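Undergrad: would you be able to build a 3D model of this:
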Amino acid sequence: MSIDMFDQPTEPRMNFDQAQDDNPPTPLEATQAPIPPAAPPQQPAPVSRRKFMGKSVAGLAALGGAGVAAALGGFALEKLIQHGGLTNPFQGPAASSMQTGHLLRRAGFGASSEEIALYKPLGFSGAVDRLLNYQQVADDDLQNRLKALNINLNSPADQQRWWLLRMAWTQRPLLEKMTLFWHGVLTSSFRKVGGPRAYMRMINQNQFLREHAFDTFDNILLGITSDPAMLFYLDLTKSTKKAPNENYARELMELFTLGLGHYTQQDVYEGASALTGWHIKGLISRYYPQDHNDLVKTYLGHTGNLDYKDVINILANNPAAPWFISRKLFTFFVYENPSTDDLKPLVDTYVQSGHNMGAVMRTLLLSPQFSSAKAYRSRLKSPVEFTVGAYRALGINANGSGLPAITTLMGQTLFDPPNVAGWPGDKVSALWLNSGTWMTRLNYIDLLLVRGTSAHGSSTSLVDLQGTVNKYKLNSPEQFVDHFSSFLLDSNLDSNRRTQLLDYFTAQDGSSGGRPITLTSGKSYPLSRVRGTLYLMMASPEYQLN
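TA: Purely as a prediction, here's the structure:
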């Protein structure tokens, strides 16, 4: 089954080329995950994926916190790395590569070896500048590749595919990451956007969030208030001056700007009255002054004939707003449960910059907290981060037709958050993981690595392993493991794990199938062993973490 064909949700599977490997892995031993029985081995392998995965995957919950441990079903966990107890990963000779990898995961979706080589010489602050000043980075190749696919942007599945490929292929990763952030905060869904004829409203909203990703909070709120998808999603189109609808007014304060405890029910009513006047004509929204409630209103302590501009101005200048949005940003990009001291520099920048979100993001990315041991690998990759990150890291150039189904099986459907509060995993990343979504992660890597490889030696795999060996002149198993671990794992691979990978790579157990991979030393290794080594890296606990 190819990744391009994998467009319908199915039961979790795990085979990783069982026809070519006599000892397929069972990654979650002693769990209730629906794992099909493995074929009995024809002969014992000195190092098996089953054994390797039994040791390495057990550390995932310890890495991800108690929530992950609960989600994985309560099996015995091996403490590989104590969460929050790492020595500072940004010290020593490997610090530059690790810091670059960390930045490109958090401010993007991971990176290939070429991207690491591009950003590393810039230094950390220079890399941050390149990410923030995205206008200076050409992205024509992305546009050309998307255009060539003739994607139907009136279809929700194709909309999702279009955005996932944007994230996978863009040279402006932070711009797409910020767009994803805003989509999870200022939510709308294609399921309530006006029906199939109005699906384009979601793309238009997505483009707005992209174009204004680093704008002032005021302008972002003004734009989303008049956005047709949002108007329909939170019923502002039903609001009239005689019967104001309170849905948007409430969520605007509770979930978009202030949080609970900073407004009253009277503020909801007065805000709803002030927001009247917006309606939709086709794909365009229009403001009708004649349908605006022009009575005097008192909203969050401000009195007058207030309209939507006044509401946004009052909210963006409310003392609670910078703390609210800074907490959202910090949790999404750094680590969960930030302290007041963590947030104070972001709040100060918000006020001093006139609410400029680009300035706030610069403060966040350059903060000591962002580059701290506490932040490093502290969040579980979201389904989108995991899926897109593998595409980027491996340089996948496919049409992405199966990607929406994959992210849905993992628990995240773009353009369709579960409710107006967004995805719970954005707040507590451990919630992304359970036995079913874990199996889907493994299946996805399986699909990427074995697609199209036949037992007769011909390969149309999405990943050109022989081409990579030739390009980087990898002349030994050690060089192969070190090359891929350099950008998949920041070269942060302990000696025992590295030895296990090398033992697996070089094991002589009769594995066959597919054209062997020949290193530049001239020595060949079974394709299933070489590919399986890469699979094990991407199935490791460390790789699951952002």
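
Undergrad: from here on, just use CA atoms for contacts and neighbour counts.
TA: Noted.

Undergrad: what are the ranges of the strands in the stretch 151-300 of the chain?
TA: 278-281, 284-287, 297-299 (DSSP state E, counting those that start in this stretch).

Undergrad: tell me which of those sits nearest to Trp162.
TA: Between Trp162 and the strands of the stretch 151-300 of the chain, the tightest spacing by CA to CA is seen for strand 284-287, at 22.1 Å.

Undergrad: sort out which residues of that closest one are buried, please.
TA: By neighbour count on 16 or more other CA atoms under 10 Å, the buried set for strand 284-287 is Ser285.

Undergrad: report the distance from it to the chain centre.
TA: 32 Å (CA atoms, centre = their mean, to the nearest Å).

Undergrad: helices or strands next to that strand in the packing?
TA: On a contact count with 3 or more CA pairs under 8 Å, 6 or more residues apart in numbering; DSSP states H and E, strand 284-287 meets strand 278-281.

Undergrad: buried sites along the strand it packs on?
TA: If you call a residue buried by 16+ other CA under 10 Å, then strand 278-281 has these buried ones: Trp278, His279, Ile280.

Undergrad: could you give the mean pLDDT of stretch 221-234?
TA: Stretch 221-234 shows a mean pLDDT of 97 in the predicted model.

Undergrad: contacts made by that stretch with the rest, please.
TA: If you take CA atoms under 8 Å, 6 or more residues apart in numbering as the criterion, stretch 221-234 is touched by 186-189, 192-194, 201-202, 205, 208, 236-237, 247-248, 278-280, 283-286, 308-309, 312.

Undergrad: cool, and stretch 114-133?
TA: Applying CA under 8 Å, 6+ apart, the contact partners of stretch 114-133 are 96-97, 99-101, 107, 136-137, 172-175, 358, 362, 365-366, 487.

Undergrad: what helix or strand is Thr303 on?
TA: Thr303 is part of strand 302-304, with elements assigned from DSSP states H and E.

Undergrad: okay, now the sheet partners of that strand, with direction.
TA: Looking at strand 302-304 with DSSP bridges, its partner strands are strand 297-299 (antiparallel).

Undergrad: for the strand it pairs with, the averaged confidence score.
TA: For strand 297-299, the mean per-residue pLDDT is 98.

Undergrad: picking up where we left off before, reformat the strands of the stretch 151-300 of the chain as a markdown table; add distance to Met537.
TA: Compiled in a markdown table, the strands of the stretch 151-300 of the chain are given as follows (distance: least, CA to CA, whole Å):
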| stretch | distance to Met537 |
| --- | --- |
| strand 278-281 | 50 |
| strand 284-287 | 48 |
| strand 297-299 | 55 |
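
Undergrad: relative to Leu380, which of the ones you listed is closest?
TA: Checked against CA to CA, the stretch from the strands of the stretch 151-300 of the chain lying closest is strand 284-287, at 38.1 Å.

Undergrad: poorly predicted segments of the stretch 401-546 of the chain, please.
TA: Along the stretch 401-546 of the chain, segments meeting pLDDT under 70 span 451-461, 510-513.

Undergrad: which stretches of it form strands?
TA: If you assign secondary structure with DSSP E, counting those that start in this stretch, the strands in the stretch 401-546 of the chain sit at 517-518, 524-525.

Undergrad: the first one pairs with which strands?
TA: Right, the one you point to is strand 517-518. strand 524-525 (antiparallel).
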